[in-house]
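Participant: Below: sequence and its predicted model.
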Amino acid sequence: KNQVEQSPQSLIILEGKNCTLQCNYTVSPFSNLRWYKQDTGRGPVSLTIMTFSENTKSNGRYTATLDADTKQSSLHITASQLSDSASYICVVSAGAGNNRKLIWGLGTSLAVNP
Amino acid sequence: DARVTQTPRHKVTEMGQEVTMRCQPILGHNTVFWYRQTMMQGLELLAYFRNRAPLDDSGMPKDRFSAEMPDATLATLKIQPSEPRDSAVYFCASGFQGWDDQPQHFGDGTRLSIL
């Protein structure tokens, strides 16, 4: 069964600290993995996409990694800011051709406190 | 910046009433998605369209839900009759063909409460 699991479910950190969010998936065949940020009361916004051949990709203070062998991805946030408080959702594209589907994780809720 | 617009932002109504949610996708996008988000289930795909044609509505309860695209600037999601279990946030998203390697652009959702 295609599944995407994210951990931790929620996280509280102090402003300026770093944190890492995890995404484990069991999908086949794998196409790509994307991280979205969802602010409270808003729709998700794409942060980055990882394909099979990519190990690391950065977008400002956000760095995503992908280990296709262990089927794990992480999102590392450096020098956190109050505006990083949001839910971070991992979504994996699985299947091929017309059978492709997006498998969404439940997200990690991050709170950055002053 | 171009944005996906959803109306209404909030809707509270009684069980059994018809609910219509509207979405204006980003001009030029040719795929439109409808999602439902709850705390327990996360984001669930209800339906998606490409070039206004419905391609997948397998996630949608057919007996009460319907999705249409009357034209390229409007997508609608209707629930009739509504039930308390339909209470959730409904999101519309749009994007380009080749949708799984292109980001989806989400609206800010319709928060629906069925009493």
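Facilitator: Yep, that arrived.

Participant: In space, what's closest to residue 7 - neighbours in sequence excluded?
Facilitator: You didn't say which chain, so I picked chain A. A:Q22 (4.8 Å; CB to CB, 6 or more residues apart in numbering or on different chains). Where you see a C-beta, it was placed from the backbone N, CA and C, and this is true even at glycine.

Participant: meant chain B, my bad for not saying
Facilitator: Closest to B:T7 by CB to CB, 6+ apart is B:R22, at 5.0 Å.

Participant: roughly how far apart are that neighbour and chain A?
Facilitator: B:R22 is 15 Å from chain A, where distance means CB to the nearest CB, to the nearest Å.

Participant: Just the buried residues of the helix or strand encompassing that residue, please?
Facilitator: B:R22 belongs to strand B:19-24 when assigned by DSSP states H and E. Neighbour-count burial for strand B:19-24 flags B:V19, B:M21, B:R22, B:C23, B:Q24 (criterion: 16 or more other CB atoms under 10 Å in any protein chain shown).

Participant: Which of the residues you listed sits closest to chain A?
Facilitator: Distance to chain A across these (CB to the nearest CB) is lowest for B:C23, with 11.0 Å.

Participant: who's that closest one bridged to?
Facilitator: Per DSSP bridges, the residues bridged to B:C23 are B:Q6, B:A75.

Participant: was I right about it contacting B:L74?
Facilitator: Yes. Using CB atoms under 8 Å, B:C23 is in contact with B:L74, at 7.2 Å.

Participant: low pLDDT regions in chain B?
Facilitator: B:98-99 (pLDDT under 70).

Participant: Spatially central residue for it, please.
Facilitator: The residue lying closest to the centre of chain B (CA atoms, centre = their mean) is B:W34, at 3.0 Å.

Participant: ok, and what's touching the strand holding B:R22?
Facilitator: With CB atoms under 8 Å, 6 or more residues apart in numbering or on different chains as the test, strand B:19-24 has contacts from B:4-8, B:11, B:13, B:32, B:34, B:73-80, B:82, B:86, B:90, B:92, B:94, B:107, B:110, B:112, B:114.

Participant: Give the PyMOL command for selecting the buried subset of those.
Facilitator: Buried members of the contacts of strand B:19-24 can be picked out in PyMOL with the line below, counting by 16+ other CB under 10 Å:
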select buried, chain B and resi 4+6+11+32+34+75+77+79+82+86+90+92+94+107+110+112+114
